[in-house]
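Chemist: Pasting a predicted model and its sequence here:
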Amino acid sequence: MSKYWDIPVYDQPSEESLKKKASETAKRSQKKGKELHPIIVSGRAITKSWWGKAWCANLERYADFSSRIDRGKRYVRTGTVVDLQISEGRVEARVQGRRKAPYKVEVRISRLSEERCQQIIDRCGSQIKNVEELLSGRIPVELQELFMSGDGLFPTPKEISFSCSCPDWALMCKHVAATLYGIGVRFDEDPLLFFRLRGIEVDRFVGVALESRIERMIQNAEAPSDRIIEDADLMEIFGI
């Protein structure tokens, strides 16, 4: 006899089955003239760039996510994330599961507040030289720690919300987890998408940081130095 609180247990689909369904989804979309943007993982490591690795490491260090996010590794490596697109504060994905049609996943990231952005700029202005260096991942250790701190550039669990159309009751299902890893892969391809997701104009971010650095240099230049010897002291030293 079925009961209301009985939760159905589903067999996990094999990798072969998932890959086949994902391939069929891609073919159907192509026939319909719809362009998909799949996540493709090549090699053992899911992410390779500093931005991609930092995104995944940031997610995995939160207790809220760490116990659940691993289930997405298998899915993203299998190629189940058949479509993933990033816009400001929002990620929309299609993740292949046991059904013919992929599940719809949506991840929302809170926009970085202007106040918090300015605080980060004030703290790292002297470390940022140009946009190219920032996007390449050649970032000083001090800035890496700042970006990933609780009040840095990377989102906290409170700033992330998500939903999936699958029947899984889990707060974070494997389709959402695969999408979160897929975001890191996308940052490998284009780090600018990280700033777009957080609502930051990277050129302005670096520009303001450099301006703040110059302003501090000018202020320091105008401030009297303890190392300047007064005329009277100079005369005394040399017996003039």
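Modeler: Yep, that arrived. Numbers count the residues shown, from 1 in each chain.

Chemist: residues in contact with the residue positioned nearest the centre of the chain?
Modeler: Nearest to the mean C-alpha position of the chain, by C-alpha atoms, centre = their mean, lies W55 at 4.2 Å. In this structure, W55 makes contact with 47, 154, 183-184, 187, 194, judged by C-beta atoms under 8 Å, 6 or more residues apart in numbering. Bear in mind the C-beta positions are built from the backbone N, C-alpha and C, glycine included.

Chemist: what's the closest of the residues you listed to A63?
Modeler: Taking C-beta to C-beta as the measure, A63 sits nearest to F154 out of those, at 15.7 Å.

Chemist: How about Y75, nearest residue that isn't a chain neighbour?
Modeler: A178 (3.7 Å; C-beta to C-beta, 6 or more residues apart in numbering).

Chemist: so which strand or helix has the one you found?
Modeler: The secondary structure element spanning A178 is helix 174-189 (assigned by DSSP states H and E).

Chemist: Quick check: mean pLDDT of that helix?
Modeler: When pLDDT is averaged along helix 174-189, the result is 96.

Chemist: Run the chain-centre distance for it.
Modeler: Here helix 174-189 is found 9 Å from its chain centre; the criterion is C-alpha atoms, centre = their mean, to the nearest Å.

Chemist: that older thread, now do the contacts for the residue nearest to Y75.
Modeler: For A178, the contacting residues are 72-73, 75-76, 80-81, 95, taking C-beta under 8 Å, 6+ apart as the criterion.

Chemist: The same query, at a cut-off of 10 Å, please.
Modeler: By C-beta atoms under 10 Å, 6 or more residues apart in numbering, the contact set of A178 is 39, 69, 71-81, 84, 93, 95-97, 103, 105, 164.

Chemist: residues of stretch 50-69 that come out buried?
Modeler: Going by neighbour count (16 or more other C-beta atoms under 10 Å), the buried part of stretch 50-69 is 50-56, 58-59, 65, 68-69.

Chemist: Equivalent analysis for stretch 147-155, please.
Modeler: For stretch 147-155, the buried set under the neighbour-count rule, 16+ other C-beta under 10 Å, comprises 147, 152-155.
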